[in-house]
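Asks: sequence first, predicted model second:
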Amino acid sequence: MIDLYTFTTPNGRKVSIMLEEVGLPYNVHKIDITKGEQFTPEFVAINPNSKIPAIIDSDTGMTVFESGAILIYLAEKTGQFLPTEQKSRFQVIEWLMFQMASVGPMFGQLNHFKRFAPEKIPYAIERYEKETLRLYGVLDKQLSDKEFICGDYSIADIATYPWVASYEFQGLTLDNHPNLKRWFETIQQRPAVQRGMAVPA
């Protein structure tokens with residue numbers, strides 16, 4: 001059994017989507033980051049960095065934090081969504097790292113400065129919006145001849161989808177990136193994705 005510690009953020013939803021896709025049973029523990037619950041001693045013992053998501057796998061005794069690491073762990077545990085052939089495997093890992101290093105941080109900063117910052121700072125909004133749109137372009141080009149980011153559906157798609165799903169929240173559109181829009185709409189129809197996006201209730 002997997003215990004999932006999560007909240008309603010793109011990073012949290014990556015893992016609930018993955019758990020739904022692979023069909024592993026799991027318990028949800030809502031960590032309300034708006035109330036500072038990620039800083040409780042109980043949660044810090046699970047993730048020293050006080051960030052969601054994190055999991056505890058009672059089958060193996062493993063605790064794993066960082067959403068990308070959790071996706072790799074669950075892929076290896078189930079043999080799903082991460083190829084074993086070296087070239088294909090590292091392509092998926094490359095694009096997972098692209099999400100972790102670029103898509104998540106840049107989209108997250110845009111969300112912050114556009115929606116949550118107490119003071120609207122035009123320079124910051126312009127900087128992160130421009131970079132978000134550049135990353136849309138990188139994804140759009142990658143998807144120009146592929147159904148999914150690395151050809152077959154993988155943890156690279158699972159990691160990236162919840163961040164792209166925030167485009168309306170960011171006040172943006174996918175209309176100028178037709179390959180990305182097609183990819184987004186394809187993944188949006190997956191029942192496991194729909195269930196995972198609704199976690200926690």
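Replies: Everything's here; your move.
Asks: please make it C-alpha for all contacts and neighbour counts, starting now.
Replies: OK.
Asks: who touches the helix or strand containing residue 77?
Replies: Using DSSP states H and E, the element containing residue 77 is helix 67-78. For helix 67-78, contacts defined as Cα atoms under 8 Å, 6 or more residues apart in numbering pick out 11-12, 14-15, 18-19, 22, 52-55, 64, 81-82, 96-97, 100, 155, 159.
Asks: strands - which of these land there?
Replies: 54-55, 64 (DSSP state E).
Asks: in this structure residue 8 contacts residue 196, no?
Replies: No: using Cα atoms under 8 Å, residue 8 makes no contact with residue 196, being 10.3 Å away.
Asks: so which of those two has more stuff around it?
Replies: Here residue 8 and residue 196 are compared on neighbour count by other Cα atoms under 10 Å; more neighbours surround residue 196, at 22 against 18.
Asks: quick check: closest non-adjacent residue to that one.
Replies: Of all residues not flanking residue 196 in the chain, residue 17 sits nearest, at 4.0 Å (Cα to Cα, 6 or more residues apart in numbering).
Asks: now do residue 169
Replies: Closest residue in space to residue 169, ignoring its immediate chain neighbours: residue 111 at 7.7 Å, by Cα to Cα, 6+ apart.
Asks: strands along the protein, start to end?
Replies: 2-6, 26-30, 54-57, 62-65.
Asks: coming back round to it: who wins for neighbours among the ones in strands among the contacts of helix 67-78?
Replies: Result: residue 55 is most packed of those (other Cα under 10 Å), 25 neighbours.
Asks: gap between that one and residue 123?
Replies: As for residue 55, its distance to residue 123 is 37 Å (criterion: Cα to Cα, to the nearest Å).
Asks: what's the end-to-end length of stretch 90-109?
Replies: Taking Cα to Cα, stretch 90-109 runs 27 Å from one end to the other.
Asks: pLDDT of that stretch, averaged?
Replies: Stretch 90-109 shows a mean pLDDT of 98 in the predicted model.
Asks: next, the buried residues of that stretch.
Replies: 91-93, 95-100, 102-104, 106-109 (16 or more other Cα atoms under 10 Å).
Asks: and what of stretch 126-145?
Replies: 128-129, 131-133, 135-137, 139-144.
Asks: can I get it in CSV, CA atoms only?
Replies: Extracted as CSV, the C-alpha positions of stretch 126-145 are listed here (Å, rounded to 0.1, in the frame of the first residue of the first chain):
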residue,chain,number,x,y,z
GLU,A,126,6.9,39.6,-18.4
ARG,A,127,10.1,37.6,-17.7
TYR,A,128,8.3,34.4,-16.6
GLU,A,129,5.5,34.7,-19.2
LYS,A,130,8.1,35.0,-22.0
GLU,A,131,9.9,32.0,-20.7
THR,A,132,6.7,30.0,-20.2
LEU,A,133,5.8,30.7,-23.9
ARG,A,134,9.3,29.7,-25.0
LEU,A,135,8.9,26.4,-23.2
TYR,A,136,5.5,25.9,-24.8
GLY,A,137,7.5,26.2,-28.1
VAL,A,138,10.0,23.6,-27.1
LEU,A,139,7.3,21.2,-26.2
ASP,A,140,5.3,22.0,-29.4
LYS,A,141,8.4,21.3,-31.5
GLN,A,142,9.1,18.0,-29.7
LEU,A,143,5.4,16.9,-30.3
SER,A,144,5.4,17.9,-34.0
ASP,A,145,6.0,14.3,-35.0
